[in-house]
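> kindly generate the corresponding structure for this input.
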Amino acid sequence: MQGYIKDFRKELDSSIWMMPPLYHRTWQYLKYKVNHHENTIPMRDGSFLTIKAGQHLTSVRDIAKNIGWYEGVKWKEPNPKTISTILNWFESNSMIVIDKGKGNRQYTLITLLNWDLYQSNDVEGNSKVTAREHLVDINKNDKECIKNDKDIAAANNAHANEESDGVLTTGQKGDSVPSEEISQTSEQAIKAILNRFIQLRAYGFDFSPADENAAYEIVNGGVPLEEALLYLKERFDTYKPKHSRDRINSLSYCVGYVLDKHQQIIDSQKLAKRRIQDGNTNHGRDTQEAPDKDNSITGGRVGWLRKSNV
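Numbers count the residues shown, from 1 in each chain. Next up is the predicted model:
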């Protein structure tokens, strides 16, 4: 994870500094994780959710897992109820806003209030040296943002020059657009597969490096994006759990199924093509008509003719 965030000495005088250490650890984690750029992701109901700068789509369990720590060789992880209490305290102190979507349980979208103010270029220091040091950090952050923007633009330009696969995909606002500009080897296809997997998995919003490698394997296997998304859903629909906690947790589990289905399509197409070629070959052959049994002088029999007595 690259880039910078701003931190202020005023936090030493804030109420959160007087709370238990887990409060400040959670607050720092949220400041590190919120989006720096606006992003749009697909939801399970077919709609799209826009996550703005200063927002983080997560869950209480994910926060509890990611702010864990080691004591000696033992891993410590806070209880999700404790994290919920901390988040409610943040919200009551006008530090964040929590949006849980439809039915108050669809997702957990956390918005850091005054995030834009935290990241602005206005610096408040207690001396000229401090202000100058702050400005150095700001310039570094700005250069990092400019570099990221250039990288994104370069990726988009390279992406537009990739070879077309003629697959329909979905734009950021949910509009169906032709993928004449999108190649199966592009990062966008990888992200589409990962997003679909997260939707079908129906819990959490993050994917592991193993999941990312699995998505690369599907794309590099030559599976068109439209087929990959269809087979991925089939894998979840046909999965029969053995108990209530049995579920598909890894995209790697689905790779074999997706590749097998794709290979079946290839094999069936080859077989159909071979049959068409064989049919055209047989149709072009010269055929000799068999003699009519009734018009034959032997009555259809073969062998030596016996001389008749007259």
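> contacts, neighbours, all on C-alpha from now
Noted.
> now do the strands in the stretch 1-150 of the chain.
Along the stretch 1-150 of the chain, counting by DSSP state E, counting those that start in this stretch, strands occupy 39-42, 48-51, 55-58, 69-71, 74-76, 96-99, 108-112.
> which of those strands sits closest to residue 269?
Nearest of these to residue 269, taken as C-alpha to C-alpha: strand 39-42 at 32.6 Å.
> ok, residue 75 touching residue 66?
No. With contact defined as C-alpha atoms under 8 Å, residue 75 does not reach residue 66; the gap is 11.6 Å.
> quick one: which of the two has more around it?
residue 66 (12 against 9; other C-alpha atoms under 10 Å).
> ok, now how distant is the more buried one from residue 35?
From residue 66 across to residue 35, the span is 16 Å (C-alpha to C-alpha, to the nearest Å).
> so, low pLDDT: which residues of the stretch 201-310 of the chain?
Residues of the stretch 201-310 of the chain meeting the criterion pLDDT under 70: 204-205, 281-310.
> ends of stretch 97-115, how far apart?
Using C-alpha to C-alpha, the end-to-end distance of stretch 97-115 comes to 12 Å.
> what segments of the stretch 51-200 of the chain are helices?
Listed in chain order, the helices of the stretch 51-200 of the chain (DSSP state H, counting those that start in this stretch) span 60-66, 80-92, 115-118, 128-160, 187-201.
> confidence-wise, which of those helices is weakest overall?
The weakest mean pLDDT among the helices of the stretch 51-200 of the chain belongs to helix 128-160, with a mean of 47.
> could you measure residue 247 against residue 203, distance?
Per C-alpha to C-alpha, residue 247 is found 11 Å from residue 203.
> follow-up on the earlier one: please name whichever of the strands of the stretch 1-150 of the chain is nearest to residue 234.
strand 39-42 (18.6 Å).
> helices or strands next to that closest one in the packing?
Helices and strands touching strand 39-42, by 3 or more C-alpha pairs under 8 Å, 6 or more residues apart in numbering; DSSP states H and E, are strand 48-51.
> buried ones in the strand it packs on?
For strand 48-51, burial by neighbour count (16 or more other C-alpha atoms under 10 Å) applies to residue 51.
> for that strand, packing partners?
Counting contacts by 3+ C-alpha pairs under 8 Å, 6+ apart, strand 48-51 packs against strand 39-42.
> for the nearest residue to residue 56 once chain neighbours are set aside, what are phi and psi?
Distances taken as C-alpha to C-alpha, 6 or more residues apart in numbering place residue 34 nearest to residue 56, at 4.5 Å, with adjacent residues excluded. The phi/psi pair for residue 34 (degrees, to the nearest 10) reads phi -60, psi 150.
> the one 10 residues further on too?
Comment: the main-chain dihedrals of residue 44 come out as phi -60, psi -30, following degrees, to the nearest 10.
> pLDDT score assigned to it?
For residue 44, pLDDT reads 78.
> distance of the closest residue to it other than its chain neighbours relative to residue 91?
Nearest non-adjacent residue to residue 44, counting by C-alpha to C-alpha, 6+ apart: residue 199, 5.4 Å away. Distance of residue 199 to residue 91, computed by C-alpha to C-alpha: 28 Å.
> and residue 36, by the same measure?
In this view, residue 36 and residue 91 are 21 Å apart by C-alpha to C-alpha.
> neighbours of residue 250, how many?
Number of residues near residue 250 (other C-alpha under 10 Å) recorded here: 16.
> doesn't it lie inside a strand?
No. Applying DSSP: H, G, I helix; E, B strand; the rest coil, one finds residue 250 to be coil, outside a strand.
> for it, what are its contacts?
210, 211 (C-alpha atoms under 8 Å, 6 or more residues apart in numbering).
> and with 10 Å instead?
Residues in contact with residue 250 (C-alpha atoms under 10 Å, 6 or more residues apart in numbering) are 197, 198, 201, 207, 208, 210, 211, 214.
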